[in-house]
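> this one's structure only:
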Ligand SMILES: C/C1=C2N=C(/C=C3N=C(/C(C)=C4\N[C@@](C)([C@@H]5N=C1[C@](C)(CCC(=O)O)[C@H]5CC(=O)O)[C@@](C)(CC(=O)O)[C@@H]4CCC(=O)O)[C@@](C)(CC(=O)O)[C@@H]\3CCC(=O)O)C(C)(C)[C@@H]/2CCC(=O)O
């Protein structure tokens with residue numbers, strides 16, 4: 001007896017989003033934010049995630065406008081950069097991950113930091129007006145915040161800072177929302193991760209659900 005299951009991708013998405021909207025408490029989000037929150041919950045399979053999602057005012061609009069005007073997307077990990085659905089991007093935006101670029105291993109050794117943090121030094125020429133997507137590494141988010149302490153460092157248009165884990169994740173995200181050097185989106189606490197971060201980018205990239 002073969003297993004019977006839903007095989008239409010569009011139907012699966014539609015039913016998932018309807019389930020999330022029926023079960024999650026999305027009332028505090030603006031319409032632009034709600035679409036992003038729904039997709040983040042979808043990627044995590046976790047109704048309740050919405051309680052930990054926080055936008056600075058106007059972040060969703062700023063990020064969407066930046067993407068529509070062609071901003072590059074700067075990602076901390078390949079798991080983030082590979083997850084971005086290219087056909088959703090409104091301006092064939094460049095998706096950049098420098099984690100495996102030449103010299104990053106040596107730079108990390110010199111800096112006494114992780115590869116994830118060192119890789120951000122290669123973002124400097126792309127940072128002005130970019131959309132940042134940090135979904136894995138707390139050290140990358142901390143290093144970005146330290147870079148942006150320098151007023152001469154170019155500002156990104158928006159920062160999605162959702163690193164996951166037990167060491168530095170909650171702290172780096174609290175620091176992001178306290179400093180808010182650019183419009184920012186986070187998931188407070190230990191929760192986060194590449195999939196949730198990718199989902200936020202994919203939601204912001206397209207006006208279609
Ligand atoms: C301490 C690190 C953490 N990694 C986590 C979770 C996951 N990481 C995966 C993978 C495949 C990668 N993690 C690296 C980014 C690697 N992870 C680290 C570092 C040691 C330090 C980062 C930090 O603390 O800020 C980091 C290496 C570095 O020197 O920067 C990765 C580059 C390691 C590697 O393969 O070389 C790699 C990312 C590859 C890529 O996508 O480009 C996991 C899939 C776990 C696994 O290895 O099986 C998982 C993915 C989670 C996600 O959703 O992204 C934590 C939990 C974030 C942790 C930092 C916090 C902590 O509490 O420990």
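Arrived safely, thanks for sending. Because the structure is a prediction, the values reported are computed rather than measured.

> if we ignore the residues flanking it in sequence, what's nearest residue 168?
Residue nearest to residue 168 in three dimensions, not counting chain neighbours: residue 138, with 3.3 Å by Cβ to Cβ, 6 or more residues apart in numbering. Where you see a C-beta, it was placed from the backbone N, CA and C, and this is true even at glycine.

> tell me the helix or strand right after the helix or strand containing residue 61.
Using DSSP states H and E, residue 61 sits in helix 59-68. For helix 59-68, the following helix or strand on the C-terminal side (DSSP H and E) is strand 73-75.

> circling back: what is the burial count for the residue nearest to residue 168?
Look at residue 138: counted by other Cβ atoms under 10 Å, it has 26 neighbours.

> quick one on the thing from earlier: pLDDT averaged over the helix holding residue 61 - what is it?
For helix 59-68, the mean per-residue pLDDT is 98.

> so which bits of it are buried?
Across helix 59-68, burial judged by 16 or more other Cβ atoms under 10 Å covers 59, 60, 61, 62, 63, 64, 66, 67.

> and for stretch 7-19?
In stretch 7-19, counting by 16+ other Cβ under 10 Å, buried: residue 17.

> ok, now stretch 174-191?
For stretch 174-191, the neighbour count (16+ other Cβ under 10 Å) marks 175, 176, 181, 182, 183, 184, 185, 186, 187, 188, 191 as buried.

> excluding chain neighbours, what is closest to the second one?
Leaving out its chain neighbours, the residue that sits closest to residue 176 by Cβ to Cβ, 6+ apart is residue 161, at 4.4 Å.

> next: residue 32.
residue 60 (3.9 Å).

> which residues touch the one you found?
Taking Cβ atoms under 8 Å, 6 or more residues apart in numbering, we find residue 60 in contact with 30, 32, 33, 35, 36, 185, 204.

> against residue 189, how distant is the first one?
Translated: residue 30. 22 Å (Cβ to Cβ, to the nearest Å).

> what residues does this structure have near the ligand?
Taking Cβ under 6 Å from any ligand atom, the part of the chain that reaches the ligand is made up of 77-79, 99, 114-116, 135-140, 163-169, 193-195.

> look at residue 208 and report its pLDDT.
82.

> in three-state terms, label it for me.
For residue 208, the assignment made with DSSP: H, G, I helix; E, B strand; the rest coil gives coil.
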